[in-house]
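Colleague: return a 3D structure for these sequence lines:
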Amino acid sequence: MEIPPKSPDGSEKSPPSRELITSRTGSTLCMSSRSESVWTSSSRSKWEIYHKPVIVVSVGAALFLFGTVIISLSCFLKDKKNIFKMSGPAFLSLGLMLLVCGLVWIPIIRKKQKQRQKSQFLQSLKSFFFN
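Modeller: Numbers count the residues shown, from 1 in each chain. As a prediction, this is how the structure comes out:
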């Protein structure tokens, strides 16, 4: 009968190997990884590529317009003027921030798409000449 090895400090024995649960993380990681060949083989629509920045730009524009309306209301309404003066610029700045972030995000995605197309072209050339 095998005697299980003792731990480094000698106080406890390690559990027998038959009680250890085998790990399947290696095979799970391989199945769930995003390899280039899987994701680049299917073409994605423009909406799938640009939906997040379009949503951010839309929300930013809506908040910007809402802030503009609140600021203009503070000029016309005399009661509760302090509330409008405090919340108007907050919505205005938040909307402008989201609008600019979304507008900057779109060229970044375009650049990544071009780089991915160049990379696919170079990979196909390499496979053609070296295989």
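
Colleague: drop to CA atoms for contacts and neighbour counts, all remaining ones
Modeller: Will do.

Colleague: low-confidence stretches in the protein?
Modeller: Residue ranges of the chain with pLDDT under 70: 1-42, 131.

Colleague: mind listing the helices for it?
Modeller: Assigned by DSSP state H, the helices in the chain fall at 25-32, 36-41, 46-76, 81-130.

Colleague: using CSV, lay out those helices together with mean neighbour count.
Modeller: Shown next, in CSV, are the helices of the chain (neighbours: other Cα atoms under 10 Å):
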stretch, mean neighbour count
helix 25-32, 9
helix 36-41, 10
helix 46-76, 17
helix 81-130, 15
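
Colleague: OK, contacts around residue 115?
Modeller: Applying Cα atoms under 8 Å, 6 or more residues apart in numbering to residue 115 gives no contacts.

Colleague: and the gap between it and residue 121?
Modeller: Look at residue 115 and residue 121: by Cα to Cα, to the nearest Å, they are 10 Å apart.

Colleague: and for the two, which residues touch both?
Modeller: Counting by Cα under 8 Å, 6+ apart, residue 115 and residue 121 have no common neighbour.

Colleague: who touches the nearest residue to residue 64 once chain neighbours are set aside in this structure?
Modeller: Distances taken as Cα to Cα, 6 or more residues apart in numbering put residue 95 closest to residue 64, at 4.2 Å, once the chain neighbours are dropped. Contact partners of residue 95, counting by Cα under 8 Å, 6+ apart, are 59, 60, 61, 62, 63, 64, 65, 67.
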